[in-house]
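S.K.: Predicted coordinates and the sequence they were generated for:
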Amino acid sequence: MRNKKFPLFVYGTLKKGYHAHELLKGAKFLGFGYTTKDYKLISLGRYPGLLTCRNGTNNIEGEIYEIDKEIMKITHSYEGVDVDLFRFDFVSIDEFDLKNKPEGNLTSLMFNRNLCFGYCYNNLEHKLYPEIEYFTLD
């Protein structure tokens, strides 16, 4: 059975230099991406949340990795997909800055449609949190 690979857009603690990046061990770094303005990034304290919206003002910057189902299971658990904290969803990308070529056909097909997968915050009370331009722990 072939191990399908697909693109994952990360914008917070899964990025290089942050504590959860080790969960992407074995994933191929493809480069950087910037979302369309259909998203907002909010501060949830120690981590950010990406929201789908109609009135976003920024292109959210993130890193793109090519992952397989095993890494997806790990990141799903970390992001709280099973408890509905975040949902695994399509993320529309406005601009790619790729450093490495994808290996999988699915990744290439999604790039041709300006899409990646990503984790979107699922809490309806998101208006209680401040919007941020990018995430940092500094």
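M.R.: Cool, the structure landed.

S.K.: which residues does Tyr39 bridge with?
M.R.: Beta-bridge partners of Tyr39, counted by DSSP bridges, are Thr52.

S.K.: what's the distance between it and Asn58?
M.R.: To Asn58, Tyr39 is 8 Å away according to CB to CB, to the nearest Å. The way it works is simple: take the backbone N, C-alpha and C, and place the C-beta from them, glycine included.

S.K.: ditto for Glu79
M.R.: As defined by CB to CB, Glu79 lies at a distance of 22 Å from Asn58.

S.K.: So if I had to pick from those two, which one is more boxed in?
M.R.: Glu79 (25 against 15; other CB atoms under 10 Å).

S.K.: Ramachandran coordinates for that one?
M.R.: phi -80, psi 0 (degrees, to the nearest 10).

S.K.: ditto for Ile71
M.R.: When read as degrees, to the nearest 10, the backbone of Ile71 gives phi -70, psi -40.

S.K.: Hmm, Leu23 and it touching each other?
M.R.: Yes - counting by CB atoms under 8 Å, Ile71 does reach Leu23; the two are 7.4 Å apart.
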